[in-house]
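K.L.:
Give me a 3D structure for the following:
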Amino acid sequence: MLKSPIRWQGGKSRLRTEIIRRFPIHKCYVEVFGGGGWVLFGKERSTVEVFADINSELVNFYRVIQESWEELAQRFEWALYSRDEFQRIMARRDDERDPVTRAYDFYYRVYSHFGGKYSDSDDWGYTRTKPAFDMSKVKEKFKQTHQRLIGVYLENRSFEEIIQRYDSPDTFFYVDPPYLGLSGYLYKFTEEHHQTLRDLLHGMKGTFLLSINDHPQIREWYAPFQMEGMETRYTIAKQTSSRQPAKELLIANYDMASLLKEDKQ
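P.N.:
Numbers count the residues shown, from 1 in each chain. Sure, this is the predicted structure:
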């Protein structure tokens, strides 16, 4: 399976195999909250694929990888992981920049913040147990990502717009929103946002698989649908050995269990 080119808060690197096993037959595949893209990069190609996210810098990065990956890779050939470069990039974050420079700045910042938590914080990440990130080794990673993104529609739109635009009986939506009751996301996702998402999924023509934290309110909102709980672990401190068990909930408007039975045959 292809790895995501970035570290990203909420990435599904540990769960994606189990998530993909539960995908139904479809023609059009849509990731509504794309983020790190771990699921997209791990699945087989669909006839039509859409990767969407509200973060314009994230979508610009993927678009540059799709269209100008070699130029972006060249920017990193002589780049060093340093506090000075990080501060220079942070100082210009509100300036007008060309798409490749924006993508360079985005990628550098992702690997300069702890845990892939892209933010406006000026805290530069470091560790006493591992060497600094080697920026010169991104070329092959960008090339592989470029090859996978060929033919993928990239959308910088809200979840409401994406669902309304692409919903059809042949469309399957993988939906991985910010967790209910948790803060720290770059873009606020309120309880009202969750309720709007719930209403859109309840009235959907296509199929969906929602992955979210196991919360009593979520179980109440999605009671009519099939649910399956899973355990995973999330890093919560600068020591990689410090991980907190967490429960993930998979919710679908189709029979996930039958797909798992077919997978075992």
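K.L.:
shaky segments in the stretch 101-250 of the chain?
P.N.:
The model of the stretch 101-250 of the chain has pLDDT under 70 over residues 113-134, 182-187, 233-245.
K.L.:
show me where it has strands.
P.N.:
With DSSP state E, counting those that start in this stretch as the criterion, the stretch 101-250 of the chain has strands at 152-155, 171-175, 207-213, 226-235, 243-252.
K.L.:
Among those strands, show me which one is buried the most.
P.N.:
Of all the strands of the stretch 101-250 of the chain, strand 171-175 carries the top mean neighbour count, a mean of 23, counting by mean count of other CB atoms under 10 Å. C-beta coordinates here come from the backbone N, C-alpha and C atoms, glycine included.
K.L.:
Show me what that strand pairs with in its sheet, parallel or antiparallel.
P.N.:
According to DSSP bridges, strand 171-175 has the following sheet partners: strand 28-31 (parallel), strand 207-213 (parallel).
K.L.:
Dump those strands into CSV; add distance to H193 as well.
P.N.:
What follows is the strands paired with strand 171-175, written out as CSV (distance: least, CB to CB, whole Å):
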stretch, distance to H193
strand 28-31, 17
strand 207-213, 12
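K.L.:
Looking at the strands of the stretch 101-250 of the chain, which is nearest to W78?
P.N.:
Proximity to W78 (CB to CB) singles out strand 152-155 among the strands of the stretch 101-250 of the chain, at 28.3 Å.
K.L.:
what distance separates the closest one from the centre of its chain?
P.N.:
13 Å (CA atoms, centre = their mean, to the nearest Å).
K.L.:
which residues are in contact with it?
P.N.:
L40, V48, E49, V50, F51, A52, D53, V59, Y62, R63, Q66, I162 (CB atoms under 8 Å, 6 or more residues apart in numbering).
K.L.:
just stretch 191-198 next, same as before
P.N.:
With CB under 8 Å, 6+ apart as the test, stretch 191-198 has contacts from F159, E160, V175, P177, L180, W221, Y222.
K.L.:
list the contacts for the second one?
P.N.:
Same thing as E160. Counting by CB under 8 Å, 6+ apart, E160 touches T196, L200.
K.L.:
For W69, see how far away it is.
P.N.:
E160 is 31 Å from W69, where distance means CB to CB, to the nearest Å.
K.L.:
go on, the last one?
P.N.:
Remark: distance between Y222 and W69 (CB to CB) = 39 Å.
K.L.:
Would you mind listing the residues in contact with V175?
P.N.:
With CB under 8 Å, 6+ apart as the criterion, the residues that contact V175 are V32, F33, F159, L197, L201, F208, L209, L210, S211.
K.L.:
if we can go back for a sec, any chance of TSV for the strands of the stretch 101-250 of the chain, columns distance to A91?
P.N.:
As requested, the strands of the stretch 101-250 of the chain are exported to TSV (distance: least, CB to CB, whole Å):
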stretch	distance to A91
strand 152-155	28
strand 171-175	36
strand 207-213	36
strand 226-235	29
strand 243-252	34
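K.L.:
so which of the ones you listed comes closest to R7?
P.N.:
Between R7 and those, the tightest spacing by CB to CB is seen for strand 226-235, at 10.2 Å.
K.L.:
tell me which strands and helices the closest one is in contact with?
P.N.:
Contacts defined by 3 or more CB pairs under 8 Å, 6 or more residues apart in numbering; DSSP states H and E place strand 226-235 against strand 243-252, helix 256-264.
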